[in-house]
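Novice: what shape does this take:
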Amino acid sequence: MYTPSSIIHIDVNVTQYLDNASVNNTEVCLIVVDEAILSLTGHKLESPLSEFYPNRSENIRHHQSRERCLLSNAQDIEQLKKKIQERLTLDDSEGGGGGGGGGGGDDRSRHKFMTTAVRSNFNPLACWTPSSITDSSGRVSIEVKLPDSLTRYRVWALATNDKQYGFGEMSFTVQLPIMIRPSLPRFLNYGDTAHFSVILQNQTDQSLLLHAGLRATNAKLLTSQTNQQ
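Specialist: Next up is the predicted model:
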């Protein structure tokens, strides 16, 4: 199980397609992206072969400007030119307005909050390593420091040398051993009484002994009931 902010090593093994022979001295590009971002657009890693051999159209477009031709009397055109020139002269003679003054600043002091250790790095791009070279056995290990997100990541590896290329992908999940899922009312007013329920979810394959506690600020705890299953 991978945890947030942990440092992992992703090993890439480059082999031949036909006989699975190791390919050394090959450049590898590694990309690790949040699966949730890719799911919004359904983005997939396509074969680069289509970039070298794209389907091209003729790129020929036919346009005619006959419908834009205006046939008119030459005297009318001269009068229209005079009107346009008079309007341009009138616009240039009109002056612009003045600017406004600036406002005062807010001298109120800012609130000071207590520093709390919370997850803050939610960068969807966990890794972008554009160039790594495989060793004599066709392997390369890349160190990745995971963000603080609890999500599923998709890993893309692209390999290329002078004559060949290849790509592959995999995925892994970053999570914590325990997930707390509170169910709280959206709104409360002074004097209201409400029930607060919290679900503790064990995300490991082992049994865990947990101790849960609750602390409230500006509220009074009336009862404390725990449902164990």
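Novice: so where's this protein shaky on pLDDT?
Specialist: Scanning the chain for pLDDT under 70 picks out the ranges 69-74, 91-117, 224-229.
Novice: all helices of it, in order?
Specialist: For the chain, helices defined by DSSP state H occupy the ranges 35-41, 49-52, 74-93.
Novice: skip the chain neighbours and tell me the closest residue to the residue nearest to the spatial centre of the chain.
Specialist: The centroid of the chain falls nearest to Pro124 when counting by Cα atoms, centre = their mean (4.6 Å). With sequence-adjacent residues excluded and distances taken as Cβ to Cβ, 6 or more residues apart in numbering, Pro124 is closest to Asp34, at 3.8 Å. Any C-beta I mention is one placed from the backbone N, CA and C, and that applies to glycine too.
Novice: ok, now which ones touch the one you found?
Specialist: Contacts for Asp34 (Cβ atoms under 8 Å, 6 or more residues apart in numbering) come out as 124-126, 149, 151-154.
Novice: before we move on, what about Thr134?
Specialist: Thr134 sits next to 12, 14, 23-26, 28, 140, 159 when contact means Cβ under 8 Å, 6+ apart.
Novice: look up how far Ile8 lies from it.
Specialist: Note on Thr134: its distance to Ile8, by Cβ to Cβ, to the nearest Å, is 19 Å.
Novice: now which of the contacts of Asp34 would you call buried?
Specialist: Among those, those buried by neighbour count (16 or more other Cβ atoms under 10 Å) are 126, 149, 151, 153-154.
Novice: re the thing from before, just put the helices of the chain in TSV and tack on distance to Gln201.
Specialist: Below are these laid out as TSV (distance: least, Cβ to Cβ, whole Å):
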stretch	distance to Gln201
helix 35-41	19
helix 49-52	43
helix 74-93	70
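Novice: point out the most buried one among the ones you listed.
Specialist: Sort these by mean neighbour count, taking mean count of other Cβ atoms under 10 Å, and helix 35-41 sits at the top with a mean of 12.
Novice: which secondary structure elements does that helix sit against?
Specialist: In terms of contacts (3 or more Cβ pairs under 8 Å, 6 or more residues apart in numbering; DSSP states H and E), helix 35-41 is packed against strand 152-160.
Novice: ok, and what's touching the strand it packs on?
Specialist: With contact meaning Cβ under 8 Å, 6+ apart, strand 152-160 is reached by 10, 12, 14, 23, 26-36, 38, 45, 48, 126, 134, 146, 165-174.
Novice: before we move on, what about stretch 41-57?
Specialist: Under Cβ under 8 Å, 6+ apart, the answer for stretch 41-57 is 156, 158, 165, 167, 169.
Novice: coming back round to it: tell me which two of the buried ones among the contacts of Asp34 sit farthest apart.
Specialist: Ser149 and Arg154 (13.0 Å; Cβ to Cβ).
Novice: how near is Ala126 to Tyr2?
Specialist: In this view, Ala126 and Tyr2 are 10 Å apart by Cβ to Cβ.
Novice: neighbours of Ile10, how many?
Specialist: Per other Cβ atoms under 10 Å, the neighbour tally for Ile10 reads 17.
Novice: now for the closest residue in space to it that isn't next to it in sequence: which residues touch it?
Specialist: Leaving aside its chain neighbours, Ile10 sits nearest to Ile142 (5.1 Å; criterion: Cβ to Cβ, 6+ apart). Taking Cβ under 8 Å, 6+ apart, we find Ile142 in contact with 9-10, 12, 28, 30, 127, 129, 132.
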